[in-house]
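# Fold the following.
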Amino acid sequence: MDGLAGALVLGVVAATPAAAQEKPSALGLGIFTFTSGPAAAYGMPGKNAADLMIDEINAKGGIGGVPVSATYVDEAQGAQGVIAEYRRLAGDAKNQVMVAALSSANCLALAPLAEQLEVPTVGWNCDTHQLLIDGKSKYVFRPNGNTVPEFVAYAIYLLDRKPDVKTVAIINPDYAFGHDAAKIFIAALKVLKPDVEIVAELYPKLGSPNYQTEISRLATARPDVVFSNLWGADLENFVRQAAPRGIFTSSQVILALGETVLQRVPLPDGVIVGVLGDGWWMSPDAKAKPETVKFAEAYKARFGEYPVFPSIKMANALIYVKAAYDAAMQKNGSKWPTRAELADAMKGSKVETLTGTAQTRADNDGLVDQIVGVTVKTSAQQFPVIGDMVRYKGESLMPQAGQDPLAWIATLKPEFAKGLPKPGSYK
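Predicted coordinates:
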């Protein structure tokens, strides 16, 4: 897998071995994800990717000649346990960077701690637009974008494919990620097509095994569109229960995290899905990179299925961390960097990833492209893939740093979408 872990900050060269004696014997990373409970259906692909990427980094000599190891923290234990584990790991000098977390709630809980302890913390998945909204963070970075471009993208794509939509229903998990996504998606729809009516907003409890009540509501309402950002086992359960009751034939369904279940549950053609960023291993950009093709095949050989977008997000986050080390050592004469030097290297960085480019803004938020498409069958795979794709540039769907996201959405006009690429243009 030559080159897999070699994506660096643009223009960065490898550190020389001259300062090898100043480097530690090992580099520890605290990696936070769900390894148990319903959310593990999303969290374990992240852990799997971290295992694979770290093995590849070490096979290439580690980071600056130092081998890397991970300590995994299960987010299923709840915020208090996650905070305690973060403190414990941060107290060990060998753990210079935290890759945390999957849950937006845990990211919000850990962010003040990262600033207090001055530990570079890379949010590998947490999407909440609230994380970096004050623009004051020095040690928290999110290279993967946030809920604003993710869910504005779905509104634009939907209206391009179904411009006559009149009624929409929402079924999202009952916590911040679900409610924030609904607010953003609805706000974008309302400014782009003001006559759209929201006929139902359903918020089942996270981890619900049964969605029959909500499905009955949807069947009765018969909306033109059903939008959902259910994820993990919740999404799998919903799809298995909704399909037999005709939800996918009576409405245009949008599954914002639908790519994660393509290999697990049967989805009909035409379901709008995406990857909350650019992390689709079969996108044209990904397939053009030999290291990404090799990563996907190695992942399949090791774990029995191809990577899903949480896997790609984790892999890209570790590439981002490695790039920061390389940049910091280039700047300081190949000396082993401090935590402060690592954070400084992350600021404003531009990193080539497996699937595109992660650019860090002045507020430490990331600009990444958004890929959206629909499920289609292909002879190349036994499961549906994403077709009729569009790739929106990350900066085109993000407010300026310091601008209130919902206030920015409110300023958009129906003409906003006319200048953006159209479904099917990404080939």
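# C-alpha from now on. contacts and neighbour counts both.
Noted.
# So Asp164 belongs to a helix, correct?
No - note on Asp164: no helix contains this position according to DSSP: H, G, I helix; E, B strand; the rest coil, which reports coil.
# ok, it - how many residues close by?
Summarising burial for Asp164: neighbours were counted as other Cα atoms under 10 Å, giving 13.
# and what of Val265?
For Val265, using other Cα under 10 Å, the count is 15.
# Return the residues in contact with Ser250.
Applying Cα atoms under 8 Å, 6 or more residues apart in numbering to Ser250 gives the contacts Arg222, Pro223, Asp224.
# now with 10 Å?
Each residue near Ser250 by Cα atoms under 10 Å, 6 or more residues apart in numbering is listed here: Leu218, Ala219, Arg222, Pro223, Asp224, Val225, Val226.
# Just the ones in helices from those residues, please.
Residues of these located in helices (DSSP state H): Leu218, Ala219.
# from the contacts of Ser250, which is closest to Ile247?
Of all these, the one sitting nearest Ile247 is Ala219; the distance, using Cα to Cα, is 6.6 Å.
# ok now do that closest one, which residues does it touch?
Taking Cα under 10 Å, 6+ apart, one finds Thr213, Ala242, Arg245, Gly246, Ile247, Ser250, Ser251 in contact with Ala219.
# filter those to the buried ones?
Ala242, Ile247, Ser251 (16 or more other Cα atoms under 10 Å).
# From Trp231, how far out is the last one?
When you say that, I think you mean Ser251. Using Cα to Cα, to the nearest Å, we find Ser251 at a distance of 20 Å from Trp231.
# Then Met389?
As defined by Cα to Cα, Met389 lies at a distance of 21 Å from Trp231.
# about what we covered before: Throw the contacts of Ala219 into CSV and include pLDDT and distance to Glu259, thanks.
As requested, the contacts of Ala219 are arranged in CSV below (pLDDT from 0 to 100; distance: Cα to Cα, whole Å):
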residue, pLDDT, distance to Glu259
Thr213, 98, 25
Ala242, 98, 17
Arg245, 97, 21
Gly246, 97, 20
Ile247, 98, 18
Ser250, 97, 21
Ser251, 98, 19
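# okay, the residues you listed in JSON lines with distance to Glu22 next?
What follows is the contacts of Ala219, written out as JSON lines (distance: Cα to Cα, whole Å):
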{"residue": "Thr213", "distance to Glu22": "62"}
{"residue": "Ala242", "distance to Glu22": "59"}
{"residue": "Arg245", "distance to Glu22": "64"}
{"residue": "Gly246", "distance to Glu22": "64"}
{"residue": "Ile247", "distance to Glu22": "61"}
{"residue": "Ser250", "distance to Glu22": "64"}
{"residue": "Ser251", "distance to Glu22": "62"}
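# any idea where the helices of this protein begin and end?
Along the chain, the stretches classed as helices by DSSP H are 40-59, 79-90, 104-117, 147-161, 176-192, 212-221, 232-242, 247-250, 284-287, 290-303, 309-331, 339-346, 405-411.
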